[in-house]
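Enquirer: got a predicted structure plus its sequence, pasted below:
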Amino acid sequence: MSLSRGLKIVTDGLTFPNMKEKLARYLKNEFGVKPEIQVVEQSDCHLWGSFFHSGFDEALVFDIEGVGDGVSTKVS
């Protein structure tokens, strides 16, 4: 079974130059895989992680932080 088969990665790092390319190069060099990579805002990662681990079908989720990717408060 190939590790890269259907492998998809979502990561934060919109404010880091070339994050997608750097991560792709690292994964190829270290593990020999070329997954599909999507880079999103850090606050979205926090919101999604909180919601999916909550076990709720519906929820109002808050992300309040100091710095992040430039967005300090978000409600979803």
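Expert: Okay, I see it.

Enquirer: low-confidence ranges in the protein?
Expert: Per-residue confidence for the chain (pLDDT under 70) gives these ranges: 1-5, 67-71.

Enquirer: show me where it has its helices.
Expert: Under the criterion DSSP state H, helices of the chain are mapped to 19-31, 42-54.

Enquirer: from residue 26, how far off is the residue nearest the centre of the chain?
Expert: Of all residues in the chain, the one closest to the mean position by C-alpha atoms, centre = their mean is residue 11, 2.4 Å from it. Taken as C-beta to C-beta, to the nearest Å, the spacing of residue 11 relative to residue 26 amounts to 11 Å. C-beta here means a position set from N, CA and C on the backbone, and glycine is covered the same way.

Enquirer: go on, residue 16?
Expert: Distance from residue 16 to residue 26, by C-beta to C-beta: 13 Å.

Enquirer: so these two - more neighbours on which side?
Expert: Per other C-beta atoms under 10 Å, whichever of residue 16 and residue 26 has more neighbours is residue 16, with 13 against 10.
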